[in-house]
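> quick one, what's the 3D model for this:
(chains A and B)
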Amino acid sequence: MRTQTSAACIAGVGHTAVAARLGRSAWELQADAVVQAVADAGLRPCDVDGLLTEPGYSQGVIEGVTPHFLRLGAMLGLDPRFTGSEVLGGASAVAMVQRAAMAVANGLCEVCVCVYGDAPSQAPGVWGYSRGDGAAFGFFGAPGIHALAAARHMALYGTRPEQLGEIAVTFRHHARLTPHAQQRAPMTLEDYLASPYVVEPLRVLDCCQISDAGAAVVITSRERARDLKHPPVAIAGFSQAHCLTSLVNDDYLTTLPARRAAPEAFAMAGVTPGDVDLAELYDCFTIVVLLQLEDYGFCKKGEGGGFVDNGGLALTGRLPTNTAGGLLSEGFGGGMLHIVEAVRQLRGECGLRQVREAEVALVSGYGLGMNTHATVILTRG
Amino acid sequence: MNEARPLPAPDEVTRPFWSACAEHRLCFQQCRACGYRWLPASVVCPRCWAGECDWVPSEGEGTVFSLAVYHRAYHPAFQALLPYVVAVIELAEGPRLVSNLVGVQPQDVSVGMAVRLEFLDLDDRALPLFRPRTRGG
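Below you'll find the predicted structure:
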């Protein structure tokens, strides 16, 4: 394995508590996450000259005519050289890291904070949205589109409910080793199979948490990171691919744009799927994990079910995945908690859930009902 | 009391589609330049970007591309219909659309099943729905 490295790295990570209800506004959660990430990097507020934000679903991107980054930046007292908000749904967190890395590498800023935060408990019902005229057919919520994906994958490839359950159970086990995780109660495959359908074939336990949470990371140059608190985590490769055509695309429900993003990210990092020590895959629903395992080339199309069987995603499995529990059990951190966890794994800070000799981590972001995708490959040192 | 279903809200792009539905015709768009056929509505051909296209009525035959069985109502109008089937239908002419399957138990629906168009009238609008084709039907 030979890894190349971009000029940028991750120097700090931080997050708030993660829970169904925290009683704090999204703004407070975002600001708290920024403060913690900058402190973790050993930097001060005056060092920050870049700010990228993702407001989360319940807040919306624009409040009146004020873009999200503007109001948050004002509250943080920032007049940065580089800023913006990302609107790629669940791909936003990874996309912000990419945007920050490109900005740092090209000298547009030196220390860029990327932050996600949301407080859906203060905006009930926001996840039951419909798309366009889908409401007339009762086509509501995120589970619907993902149930269509799961049903088609099952029909084409014989994927079984127990295999989706294996993903949920494995991630719950990881969350039990994660002190800040939202769901830490034990879960068995029997529990999974007994959980009621939301939109069949997806059950309650196929669906991610809805969480009040904020998370942030600090991107800076390798040179600047040298004297900071933690050994830097290199941003070795990254890419995006999107499917905006949805149902017009023949492969829409069973192949994610990850399939197109993957080769570029691996090539930039100079690694192959076999070099990846752990994956933090966006997991709004179990089926999305299964599709990504195939689309990133960890297994062939249609073989995701077999890959996850028998603890394939466990800490000592074929590919340790979502080592803090993911959106399914750690809690919904907009994809930013996936990056935080990958950084902590590569730093060796994860205690009981530490993946041994973790050197290469793949993190994905995925959003807007199978439309957007972003990949980043992180390496130690 | 049951609330009414949310009705489609046609805009300047989707109005021809819903106007045709109101007359019980399910139309897709077809490019005059390259012949490509598609749904949902666009303002140019999504394949060749030509601006000239026609709204062409479907014969109403299709197959189930995938399906999702709702066990939870996200809107009160659907409470009494639970469990109901949202399906992606692939028309014989090629375009796909989201619709409902009616006249069938959810457990009897499968990917690839042949279905036939029908309309549900709602006020001055009509929704294109699908029903499994009967043998020889």
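> residues of chain B that sit close to chain A?
B:5-9, B:14, B:18, B:38-40, B:46, B:65-75, B:77-78, B:81, B:83-84, B:86, B:88, B:95-100, B:106, B:110-112, B:127 (Cβ under 8 Å from any Cβ of the partner chain). Where you see a C-beta, it was placed from the backbone N, CA and C, and this is true even at glycine.
> point out where chain A drops to low pLDDT.
Flagging of chain A using pLDDT under 70 yields the residue ranges A:1-5, A:59-65, A:126-127.
> residues contacting A:A100?
A:A8, A:G50, A:L52, A:F82, A:C109, A:C112, A:C114, A:I219 (Cβ atoms under 8 Å, 6 or more residues apart in numbering or on different chains).
> thinking again about what came up before, list buried residues within the residues of chain B next to chain A.
Buried by 16 or more other Cβ atoms under 10 Å in any protein chain shown: B:5-6, B:8, B:14, B:18, B:38-40, B:65-74, B:77-78, B:83-84, B:86, B:88, B:95-100, B:106, B:111, B:127, out of those.
> residue ranges of the strands in the stretch 1-150 of chain A, please?
Using DSSP state E, counting those that start in this stretch, the strands of the stretch 1-150 of chain A run over A:8-15, A:50-54, A:62-63, A:66-67, A:82-85, A:111-118.
> strands - which of the residues of chain B next to chain A land there?
Counting by DSSP state E, the members of those that fall within strands are B:38, B:65-70, B:84, B:86, B:88, B:96-100, B:127.
> surely B:F130 and B:G62 touch.
Yes: shown here, B:F130 and B:G62 form a contact pair, counting by Cβ atoms under 8 Å, at 6.5 Å.
> can you list contacts of stretch A:244-261?
If you take Cβ under 8 Å, 6+ apart as the criterion, stretch A:244-261 is touched by A:148-149, A:152-153, A:156, A:239-243, A:288, A:291-292, A:294-296, A:301, A:364, A:366, A:369-375, B:38-40, B:46, B:65-66, B:88, B:95-98.
> deepest in the core, which of the strands of the stretch 1-150 of chain A is it.
Here the criterion is mean neighbour count by mean count of other Cβ atoms under 10 Å in any protein chain shown, and of those the winner is strand A:111-118, at a mean of 30.
> strand partners of it, parallel vs antiparallel please.
Here strand A:111-118 is paired, per DSSP bridges, with strand A:50-54 (parallel), strand A:213-221 (antiparallel).
> so what's residue 101 closest to, chain neighbours aside?
All of this is about chain A. A:A8 (3.8 Å; Cβ to Cβ, 6 or more residues apart in numbering or on different chains).
> switch to chain B, please.
Leaving out its chain neighbours, the residue that sits closest to B:L101 by Cβ to Cβ, 6+ apart is B:V85, at 4.2 Å.
> same deal with B:C34?
Leaving aside its sequence neighbours, B:C34 sits nearest to B:C48 (Cβ to Cβ, 6+ apart; 4.4 Å).
> confirm that neighbour sits in a helix?
No: under DSSP: H, G, I helix; E, B strand; the rest coil, B:C48 sits outside any helix and is assigned coil.
> quick one: residues contacting it.
Listed by Cβ under 8 Å, 6+ apart, the contact partners of B:C48 are B:C31, B:A33, B:C34, B:Y36.
> looking at it, the second one is touching B:E52, isn't it?
This points to B:A33. Yes: with contact defined as Cβ under 8 Å, B:A33 reaches B:E52; the gap is 6.7 Å.
> do any residues in stretch A:190-206 lie close to chain B?
Yes: legend: contact between stretch A:190-206 and chain B by Cβ under 8 Å from any Cβ is shown at A:P196, A:Y197, A:V198, A:V199, A:E200, A:P201.
> out of those, which is most surrounded?
Counting neighbours by other Cβ atoms under 10 Å in any protein chain shown, the top entry in these is A:V199, with 30 neighbours.
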